[in-house]
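1. Return atomic coordinates for the entry below.
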Amino acid sequence: MEEQNNKNLILAMVLSAAVMIVWFVLFPPPEPPVTPATETVTGATTDATVTPAEPTAATAQTEATPVPEAPRLTIDTPKLLGSISLLGGRIDDLSLKGYRETIEPQSQVVRLLSPAGEALPYFALFGWSHGTGLEAADVPGPMTEWQLASGTTLAPDQPVTLRWTNTKGLTFTREIAVDEDFMFTVTDRVQNGSATAVTLQPYGLIARQGLPQLQNIFVVHEGAIQRADGELTETDYADLTEFEVVPTEGMPAEVIEATTDGWVGFTDHYWMTTLIPQQGQPYKQVLKYDPARNEYLADVRPAAVSLAAGAETVSTIRLFAGAKEWATIRAYENEGGIPGFIDSIDWGWFYFLTKPIFAVLHWLNAQIGNMGWAIIGLTFFLKFLVLPLAYKSYVSMARMKELQPEMEALKERAGEDKQKLQREMMQLYRDKKVNPAAGCLPILIQIPIFFALYKVIFVTIELRHAPFFGWLKDLSAPDPSSLFNAFGLLPWDAPMPGTVLHLIFIGVLPILLGITMWAQQKLNPAPTDPVQQQIFAWMPWVFMFMLGGFASGLVVYWITNNTITFIQQYLIMWSHGKRPDIFGNIRAAKAAKAEAKTKAVTPPAPAPKKGKK
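-> Just a heads-up that it's a prediction; the model follows:
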């Protein structure tokens, strides 16, 4: 029985280790940043599907040289700082006040958008494509310089208004508003002061030239993200280049005719730019790639409108440009009328676990005010949820120990008859109502929770640069302490995360992880089988080094989980009259190891010689 119980536990631990190894191979630590090469500059590509006179519906207006200087309007909100160029009315200069590149307080704030003329231009454009009765010069394009009509600084409750009039009597007015978070609202109006009807189509466009610096790991999606009529799609940058060429676009593209709701844009690890047209109305959603300029494009195109003489039309498109804060994005979904917007955060395959786990973690952090203690509180909460199952499993393990004398008697009666022994063992389990596999459940149930929490810690921005205490200043990064410099006592720096030395010279948290796993293991006597002894002996230290490069918040969870599990199992075994002899188990394991070494070095006695016939 003891052997069967140990086999179950070993099976669970080996399975956990195998999954962890695969996870570590698939999701290695982020590579050191590579300085991107400076790209050429671009303007934009606008749609003109209502233009019957042109052979292609994609009118490209791009520049091979930096765009001319133009007046700018300041953007200044509680969370944003930047400017709008009056050339094209571009939102092309945007920084996030609350986020810095590193944990150093003097490091640069994160810059999300940058204008043409700088490395890796990234900006948003809005406007109208021309149709019947108009030519390209009759609508404001990416190179049109708007006139400021009202406002000087864009701030919450302080919109700015731009105006441009063509030579045919059409007046274009653009009002740009911004809230206290990350949402811009662009309202374009056209007044037809001419004597004839005209046709126009509104559009919003995000242009991103050059491939941005990527994490290059599977756990987080970076690239295009879109929702159309309730369906969410994530497309990598490499896949954008593999689109088939669409004749109407003149380049690799994907065009979706959405009928009710949706949004489209680009997402980074923690930041996102997304276009949101008016919901409940049909529109086109387009993703495309311009190989000539290495440019990735996302745009929305509401239906074309026929504007009678003397009439006016209005188009409103929103632009989210900022951090993927859970509470903010959830508010835009629930209160801002953007269906499915919370799914712009990459919850992964275990979304049914990651979403509620993060909701609890976010609430605990709001109550406690420290994300490290919130993770510990979350661990207690999760252990409480699975306590009935864990209790049943530990009780089953304790009852298995009680059956050991009867199991030994069965082995003696069955002798070498393996099938008879198996039948009688199963009958004994049924009679005593014991599940021999129940001991695996406490370990196996941790696997999806572990993966879900890994996803939460790595993906959600609330964990980015979140401090715990002391040397733990970023729970989304590996433990920065290291054996290499005696945990800071020696006068040289610890190895950089992601390097081989960092994986070898681990920090304080991974060492605590190994110790707690080893202590939990010592609640049970060492198995008698030498192979099983070796597996048990090495397992805690293998996990210790495997998790050394993982986010410190995840290691905090694992240490807390091991500690709680140790206490639970100790108390349950004690309540069933099997108080664990931890020190006795340690001494027995050492004695068994010494005996195994003695047997290994002692040559077997020679077989007796047979006499001659």
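2. Tell me who's in contact with the spatially most central residue of the chain.
-> Centroid-nearest residue in the chain, with CA atoms, centre = their mean: V459, separated by 2.8 Å. By CB atoms under 8 Å, 6 or more residues apart in numbering, the contact list for V459 reads 219-220, 269, 345-348. Where C-beta positions appear, they are placed from N, C-alpha and C, glycine not excepted.
3. Could you identify which of those has the most neighbours?
-> The residue in the contacts of V459 with the most neighbours, by other CB atoms under 10 Å, is I345 (25 neighbours).
4. T460 is in contact with that one, correct?
-> Yes. Judged on CB atoms under 8 Å, I345 makes contact with T460 at a distance of 6.7 Å.
5. Give the residues shared as contacts by these two.
-> 324, 326.
6. so where's this structure shaky on pLDDT?
-> The model of the chain has pLDDT under 70 over residues 1-67, 397-398, 401, 436-443, 524-533, 576-613.
7. need the helices for the stretch 1-150 of the chain, in chain order.
-> 2-26 (DSSP state H, counting those that start in this stretch).
8. any idea how far the closest residue to I445 other than its chain neighbours lies from G82?
-> Nearest non-adjacent residue to I445, counting by CB to CB, 6 or more residues apart in numbering: V386, 5.9 Å away. Going from V386 to G82 by CB to CB, to the nearest Å gives 47 Å.
9. Compare neighbour counts for these two and give me the winner.
-> G82 (24 against 15).
10. Give the bridge partners for the more buried one, please.
-> Using DSSP bridges, the bridge partners assigned to G82 are I75, L94.
11. Count residues in the vicinity of the spatially closest residue to T260 that is not a sequence neighbour, would you?
-> The shortest distance from T260 to any non-neighbouring residue, by CB to CB, 6+ apart, is to D229 (5.5 Å). Using other CB under 10 Å, D229 has 14 neighbouring residues.
12. just G470 next, same as before
-> 8.
13. Now do it against N561, distance only.
-> 21 Å.
14. Check P78 too.
-> P78 is 38 Å from N561, by CB to CB.
15. In terms of neighbours, single out the busier of the two.
-> Taking other CB under 10 Å, P78 and N561 do not tie; N561 has more neighbours (23 against 12).
16. State the phi and psi torsions of that one.
-> phi -60, psi -40 (degrees, to the nearest 10).
17. Locate the residue nearest to it when sequence neighbours are not counted within the secondary structure: which element?
-> Leaving aside its chain neighbours, N561 sits nearest to T379 (5.4 Å; criterion: CB to CB, 6+ apart). Per DSSP states H and E: T379 is located in helix 371-385.
18. what about E118, neighbour count?
-> E118 has 15 nearby residues by other CB under 10 Å.
19. Kindly report the same for V542.
-> With other CB under 10 Å as criterion, V542 counts 16.
20. quick revisit: send me the helix holding T379 as PDB with only the CA atoms.
-> Extracted as PDB, the C-alpha positions of helix 371-385 are listed here (Å, rounded to 0.1, in the frame of the first residue of the first chain):
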ATOM      1  CA  MET A 371       0.300  43.200  -4.600                       C
ATOM      2  CA  GLY A 372       2.700  40.800  -2.900                       C
ATOM      3  CA  TRP A 373       0.400  40.400   0.100                       C
ATOM      4  CA  ALA A 374      -2.600  40.200  -2.300                       C
ATOM      5  CA  ILE A 375      -1.000  37.200  -4.000                       C
ATOM      6  CA  ILE A 376      -0.600  35.600  -0.600                       C
ATOM      7  CA  GLY A 377      -4.200  36.400   0.200                       C
ATOM      8  CA  LEU A 378      -5.300  35.000  -3.200                       C
ATOM      9  CA  THR A 379      -3.400  31.700  -2.400                       C
ATOM     10  CA  PHE A 380      -5.300  31.400   0.900                       C
ATOM     11  CA  PHE A 381      -8.500  32.000  -1.000                       C
ATOM     12  CA  LEU A 382      -7.800  29.400  -3.600                       C
ATOM     13  CA  LYS A 383      -6.700  26.800  -1.000                       C
ATOM     14  CA  PHE A 384     -10.000  27.500   0.800                       C
ATOM     15  CA  LEU A 385     -12.000  26.800  -2.300                       C
END
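21. For it, list every residue counted as buried.
-> Within helix 371-385, the residues scored as buried using 16 or more other CB atoms under 10 Å are 371-379, 382-383.
22. Between those, which sits nearest P448?
-> L382 (11.1 Å; CB to CB).
23. ok, now which ones touch the closest residue to T565 other than its chain neighbours?
-> Distances taken as CB to CB, 6+ apart place Q520 nearest to T565, at 5.9 Å, with adjacent residues excluded. Q520 makes contacts with 562, 565-566, 569, as judged by CB under 8 Å, 6+ apart.
24. again, only using 6 Å
-> 562, 565-566 (CB atoms under 6 Å, 6 or more residues apart in numbering).
25. Tell me the most packed of those, by neighbour count.
-> N562 (24 neighbours).
26. So it, which state does it fall into?
-> Following DSSP: H, G, I helix; E, B strand; the rest coil, the label given to N562 is helix.
27. can you check P480 too?
-> coil.
28. ok, how many other residues are close to it?
-> 22.
29. which residues in the stretch 151-300 of the chain form strands?
-> 153-154, 160-165, 170-178, 183-192, 198-209, 223-228, 231-236, 245-246, 251-258, 262-267, 271-277, 283-290, 295-302 (DSSP state E, counting those that start in this stretch).
30. Which among these is found nearest to N435?
-> The nearest among the strands of the stretch 151-300 of the chain, by CB to CB, is strand 231-236 at 40.0 Å.
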